Structures are given as C-alpha cells and as structure tokens.
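Engineer: Give me coordinates for this.
(2 chains)
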Amino acid sequence: DAGVIQSPRHEVTEMGQEVTLRCKPISGHDYLFWYRQTMMRGLELLIYFNNNVPIDDSGMPEDRFSAKMPNASFSTLKIQPSEPRDSAVYFCASSLWTGVENTGELFFGEGSRLTVL
Amino acid sequence: DAKTTQPPSMDCAEGRAANLPCNHSTISGNEYVYWYRQIHSQGPQYIIHGLKNNETNEMASLIITEDRKSSTLILPHATLRDTAVYYCIGFLGNTGKLIFGQGTTLQVKP
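Structural biologist: Numbering: from 1, shown residues only, chains lettered A, B, ... in the order given. Here you go, the predicted structure:
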C-alpha cells in the first residue's frame, strides 16, 4: 500500500492567498484526520471524518479554515484567506474501524509544510 | 480522554534499554494507552498500545501498572535511529480521536 499521500509537500504563499492542502487516505480506511503542528502548540487535531462525514471540527481555529471529504479517497483542507500565523506542518492521517470501535492506530502522511509570508 | 504526563526529555546510551514513563492517573476503565513516536520532520508513527495487560511487539514493550495509573514504554536495545519524540496518549475507541500532548524527547547517544 502506498500509505497516506499528501500534497503539496511544501507551499510558500503570501498573506491573503487561498491555500488548499490535499490528502489521499489508505484505501479501505474509514476515518480521516487533519492535524496541525507548530513549535508553540505541538500537534493539534483540527477535524476528523468518519465515512466522509465530519464528526468533530472543534479544533478548527476559525472560519478561515474549512475541510471537505467528497469521497472515501480524497480530502482537502482549505485556508482562505491565509495569514502568517497559519504557518505550520499539516498532517493527514487515516485509520480503520475494526467493526467494534475505532482503532487508535493512525497512519500519518509525510505532511505539508506551509509558510505564509 | 485521560490527561497524560511525561518527562520532557530523556537520554539513553546506544544499545541500552530505554524506559519511557507515563502517568495517566485519570484514565478510565475502557481507555487504552497508546504510544507513538515522531522522528524529526516525519509524521507520527504508531508503536504499541494496551488496555490492562503488558504488551510486546517487534518495536517495543508496554508495561501497564495494575492500577492503570501509569505505564512504561521499553525499547530494549536503543539505537541512534530511535532518537525521537515519544507520545503517550489515552484513547477511547468510541470517540475515535487521538489527542497528542507534548511527549518525551528521547536522545539516544553513542
């Protein structure tokens, strides 16, 4: 399996621009997670989906952030407009429903490093 | 989810066992203990998990105290490649979400 695939790996943009990060989860996985990592705040859970439906978006910082999962093999995290404080590494992860409950074994992508100037 | 407490940093000599402690005194009865690690600039990697019993896999061993208030992750023969941040996390399967704390930075030295 190719694992969780994220794109772009690196993005440099200017304040005010729209940023779209993409994620392809592992085939067959039911859950998809978006995390953000900064030195100051560590790894923060932004939002997660189950079977393409957003379950908990309480970690999304503000209305400038939105996430979608139009199908089981694709998700996007969009920031519009972007600000310098959004600079971070954004990780996508996926996991599998065991039939009883969700496993806590998440498979992470390599991350998208965003720099907003 | 239980709050976990870990030392911010630890050192270990290469080839020796690394014992990483974690306190989780508020853990609930159906809450698992999960361990992840993150090697610099990579995504976190699952290591091991347990509920009540001690667990072992090809990467590590997990020792959970009988009262479940603490646990220890053991890397039996640490190598330089084990240098990473190690996270101990309380996880409830019915919530589905994994919340990372600050973790322990393990430095394996030659």
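Engineer: Every contact and neighbour count from this point should use C-alpha atoms.
Structural biologist: Noted.
Engineer: In contact with A:Asp86, which residues?
Structural biologist: Residues near A:Asp86 by Cα atoms under 8 Å, 6 or more residues apart in numbering or on different chains: A:114-116.
Engineer: So for the closest residue to A:Gln80 other than its chain neighbours, what's the pLDDT?
Structural biologist: Distances taken as Cα to Cα, 6 or more residues apart in numbering or on different chains place A:Glu18 nearest to A:Gln80, at 4.6 Å, with adjacent residues excluded. Here, the pLDDT recorded for A:Glu18 equals 97.
Engineer: Could you list everything B:Ser71 pairs with in the sheet?
Structural biologist: Applying DSSP bridges to B:Ser71 gives these bridge partners: B:Cys22, B:Ile64.
Engineer: wait, what's in contact with it?
Structural biologist: B:Ser71 makes contacts with B:21-24, B:62-65, as judged by Cα under 8 Å, 6+ apart.
Engineer: make it 7 Å
Structural biologist: By Cα atoms under 7 Å, 6 or more residues apart in numbering or on different chains, the contact list for B:Ser71 reads B:21-23, B:62-65.
Engineer: distance of it from chain A?
Structural biologist: 17 Å (Cα to the nearest Cα, to the nearest Å).
Engineer: for chain B, which spans come out with low pLDDT?
Structural biologist: Filtered on pLDDT under 70, chain B yields the residue ranges B:1-2.
Engineer: Next to chain A, which bits of it? Give me the list.
Structural biologist: B:42-44, B:46, B:91, B:93-94, B:96, B:98-100, B:102 (Cα under 7 Å from any Cα of the partner chain).
Engineer: Apply 8 Å and report the result again.
Structural biologist: Residues of chain B lying near chain A by Cα under 8 Å from any Cα of the partner chain: B:34, B:42-46, B:91, B:93-102.
Engineer: Buried ones among the residues you listed?
Structural biologist: Neighbour counting with 16 or more other Cα atoms under 10 Å in any protein chain shown marks B:34, B:43-46, B:91, B:93, B:96-102 as buried within the residues of chain B next to chain A.
Engineer: now, which of the residues you listed sits nearest A:Phe91?
Structural biologist: Minimum distance to A:Phe91 across these is 6.9 Å, recorded for B:Gly43 (Cα to Cα).
Engineer: Grab the nearest non-local neighbour of the most centrally placed residue in chain A.
Structural biologist: Centroid check for chain A by Cα atoms, centre = their mean gives A:Trp34 as the closest residue, at 2.8 Å. Once flanking residues are discounted, A:Trp34 sits nearest to A:Cys92: 4.6 Å by Cα to Cα, 6+ apart.
Engineer: Which of the buried ones among the residues of chain B next to chain A fall within strands?
Structural biologist: Residues of these located in strands (DSSP state E): B:34, B:45-46, B:91.
Engineer: farthest pair in those?
Structural biologist: By the measure Cα to Cα, B:Gln45 and B:Phe91 form the most distant pair in those, at 15.5 Å.
Engineer: What about residue 17, how many residues nearby?
Structural biologist: Reading this off chain A. A:Gln17: 13 surrounding residues under other Cα atoms under 10 Å in any protein chain shown.
Engineer: wrong chain, I was asking about chain B
Structural biologist: 14.
Engineer: wouldn't it be in contact with B:Ile74 here?
Structural biologist: Yes: between B:Ala17 and B:Ile74 there is a contact under Cα atoms under 8 Å: 6.7 Å.
Engineer: picking that back up, and the residue nearest to A:Trp34, what pLDDT?
Structural biologist: 98.
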